[in-house]
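Colleague: model this:
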Amino acid sequence: MGIQIDVVASYPINDEMERVLGLAEAVGEPVTVTFMWEGRAGAERAVLVPAATLALWEHWAPTACPTSDAHDENHAESEEQELAHPAEFGAFTLLRRRVGGRTAVARGGVVVAELLAPDEAHWLQEQARNVRQGFMDPKQKAAFEEFLARQPPLDEQ
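Modeller: Have a look, this model is predicted:
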C-alpha cells in the first residue's frame, strides 16, 4: 500500500500533518501513518488517502467495506469514550466521524484527505483495482466483441 511513514503527533501546532499530507498530495498515493498521541498508551495506525484518490476508489468499489464483529465492538467502545470534536493541527482540522471510524482532514474548509483504517484502505484499493480492470468502455467492448466474432472456432485452429 503506497508509502509508509511514521508520524509523531504530540501538539496541535506540530507541522507533521502538513508534511505528510503534502507528500500524499504530491504523489497522489495513500500514506500509512502511525500516530503516537501524547497521553495515550498505544499507537494508532491509519492510512492517509488524498481526497481525489479516495473518490476514485469509492467510484470503482462496488460495495462498502465489510467489517468484523470484533472490530465493531472495539470501535464502538472507543467511540463512546472519545467525543467527535474537531481537532486543530496547524492549518488542518481533523473531523472524526462517529460512524465508520474515518477521519476527514480539512484545510481551509475543504476536505483534502481522509484517514482510514489500514484494512479498509487496502480493501477499497483492491476492490477498485479489480472492478476497474474488468471494465471496458462501450467502444472498447464493441471492438473486442467484433474481434472475437472474427476468430475461427477453437477446433479449426
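
Colleague: off-centre distance for the longest helix along the chain?
Modeller: Longest helix in the chain by number of residues (criterion: DSSP state H): helix 118-133. Its chain's C-alpha centre and that of helix 118-133 lie 9 Å apart, by C-alpha atoms, centre = their mean, to the nearest Å.

Colleague: what are the buried residues along it?
Modeller: 120-125, 127-128 (16 or more other C-beta atoms under 10 Å). Heads up, the C-betas are built off the backbone N, CA and C, glycines and all.

Colleague: restricting to C-alpha, output stretch 144-157 in PDB.
Modeller: Taking C-alpha atoms only, stretch 144-157 is exported to PDB below (Å, rounded to 0.1, in the frame of the first residue of the first chain):
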ATOM      1  CA  PHE A 144     -13.500  -6.600 -28.700                       C
ATOM      2  CA  GLU A 145     -16.800  -8.400 -29.500                       C
ATOM      3  CA  GLU A 146     -16.200  -7.800 -33.200                       C
ATOM      4  CA  PHE A 147     -12.600  -9.100 -32.800                       C
ATOM      5  CA  LEU A 148     -13.900 -12.300 -31.100                       C
ATOM      6  CA  ALA A 149     -16.600 -12.800 -33.800                       C
ATOM      7  CA  ARG A 150     -13.900 -12.800 -36.500                       C
ATOM      8  CA  GLN A 151     -11.900 -15.600 -34.700                       C
ATOM      9  CA  PRO A 152     -12.200 -19.100 -36.100                       C
ATOM     10  CA  PRO A 153     -13.700 -21.700 -33.800                       C
ATOM     11  CA  LEU A 154     -11.200 -23.500 -31.500                       C
ATOM     12  CA  ASP A 155     -11.500 -26.800 -33.300                       C
ATOM     13  CA  GLU A 156     -10.400 -25.200 -36.600                       C
ATOM     14  CA  GLN A 157      -7.300 -23.600 -35.200                       C
END
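
Colleague: cheers, nothing more for now.
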